[in-house]
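Visitor: Give me a model of this one.
(chains A, B, C and D)
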There are 2 protein chains.
Amino acid sequence: MESERIILALAALAQPTRLDCFRLLVKHEPDGLPAGEIAAALAVPHNTMSAHLAVLARAGLVRSRRESRSIIYRADLAVLQQMTLFLLKDCCGGRPEVCAPVIDSLTPCCPPAKEKRRVRSRV
Amino acid sequence: MESERIILALAALAQPTRLDCFRLLVKHEPDGLPAGEIAAALAVPHNTMSAHLAVLARAGLVRSRRESRSIIYRADLAVLQQMTLFLLKDCCGGRPEVCAPVIDSLTPCCPPAKEKRRVRSRV
DNA sequence: TCCATATGTCCAGACTTATCGACATATTGG
DNA sequence: CCAATATGTCGATAAGTCTGGACATATGGA
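Guide: Predicted coordinates for the structure are as follows:
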């Protein structure tokens, strides 16, 4: 079942430290952050942070690469995308009118991203 | 912190029975389902289901109304909307190009969202 | 090689969650 | 009022998660 992966991602984010960690990494998206800086920024012991990072990695929400002595973590938005898509896909089971407002409220979040289609001024 | 509500919703959905339950209720969106039918549909003892429904309700993901002997549950998409918005809002912290693909991939899910309020394709 | 730095792993105790039998509550009909 | 139905609550056990001290591994420099 595909939902197992979704549950893994939901459970990974359903924890304060991990949610903060993920958000922090998203904020540093192109570059990423070394594990030590993440632990310091969130005021969490390094081993605790390490365990949380492992959970996030297992859920596919973050990726890591070694860089000299540090290990740099980056957020991976693909799973988040799948998760959102999964939850909204279900809501669209034949009834687009149900989730249309959700999509609608989401769109103004990234207005300048689209060029082919104009975003209505609904803010 | 607003994230507490988000975590409550994430944790509520991060459990197979509850995720299935929520999806089931979304599928029956306008009408809802009585607790007994939910338990039967998911092959879960009624008291176990009752506990799960309480968790979903506490997270604001479902609402209930009494109808004679039955209690009808309905999915409430508002929290789901806030959750998605919250996760994507963070990803838009100054860099719309990061989450634009996510929004992009979501849009085809509900194409009629282009229309302002005239969604009326009755099934 | 030895040491300092950066991170990961192991483990065990504290805490939280899931499950279901038994009982309680609410509604309807006889 | 009593019985049947529908659902909720309690309590105890089992299972899972969070946390941080102690130890292990990997990298780079002296």
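Visitor: ok and the residue in chain A nearest DNA strand C?
Guide: Using CB to the nearest atom of the strand, the point where chain A gets nearest to DNA strand C is A:Gly36, with a distance of 2.1 Å. Glycine gets a C-beta too; all of them are placed from N, C-alpha and C.
Visitor: so what's that residue up against?
Guide: Taking CB atoms under 8 Å, 6 or more residues apart in numbering or on different chains as the definition of contact, the neighbours of A:Gly36 are A:His46, A:Ser70.
Visitor: Quick check: it is in a strand.
Guide: No - using DSSP: H, G, I helix; E, B strand; the rest coil, the assignment for A:Gly36 is helix, not a strand.
Visitor: measure it to chain B for me?
Guide: A:Gly36 sits 22 Å away from chain B when distances are taken as CB to the nearest CB, to the nearest Å.
Visitor: and what of A:Leu85?
Guide: Separation of A:Leu85 from chain B (CB to the nearest CB): 6 Å.
Visitor: quick one: that residue is in a strand?
Guide: No - checked against three-state DSSP, A:Leu85 lies outside a strand; its state is helix.
Visitor: neighbours around it, how many?
Guide: Using other CB atoms under 10 Å in any protein chain shown, the number of residues around A:Leu85 comes to 16.
Visitor: you'd agree A:His46 is up against A:Ala39?
Guide: Yes - counting by CB atoms under 8 Å, A:His46 touches A:Ala39, with 4.7 Å between them.
Visitor: who's more crowded, the two?
Guide: When A:His46 is set against A:Ala39 and neighbours are counted by other CB under 10 Å, the residue ahead is A:Ala39, at 21 against 13.
Visitor: Roughly how far does A:Gln82 sit from DNA strand D?
Guide: Distance check for A:Gln82 against DNA strand D: by CB to the nearest atom of the strand, to the nearest Å, it reads 20 Å.
Visitor: buried sites along the helix or strand containing that residue?
Guide: Under the criterion DSSP states H and E, the helix or strand holding A:Gln82 is helix A:77-91. Within helix A:77-91, the residues that count as buried by 16 or more other CB atoms under 10 Å in any protein chain shown are A:77, A:79-88, A:90-91.
Visitor: now those residues in JSON lines, with distance to B:Ser50?
Guide: As requested, these are arranged in JSON lines below (distance: CB to CB, whole Å):
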{"residue": "A:Leu77", "distance to B:Ser50": "37"}
{"residue": "A:Val79", "distance to B:Ser50": "32"}
{"residue": "A:Leu80", "distance to B:Ser50": "32"}
{"residue": "A:Gln81", "distance to B:Ser50": "34"}
{"residue": "A:Gln82", "distance to B:Ser50": "31"}
{"residue": "A:Met83", "distance to B:Ser50": "27"}
{"residue": "A:Thr84", "distance to B:Ser50": "29"}
{"residue": "A:Leu85", "distance to B:Ser50": "31"}
{"residue": "A:Phe86", "distance to B:Ser50": "26"}
{"residue": "A:Leu87", "distance to B:Ser50": "24"}
{"residue": "A:Leu88", "distance to B:Ser50": "28"}
{"residue": "A:Asp90", "distance to B:Ser50": "23"}
{"residue": "A:Cys91", "distance to B:Ser50": "24"}
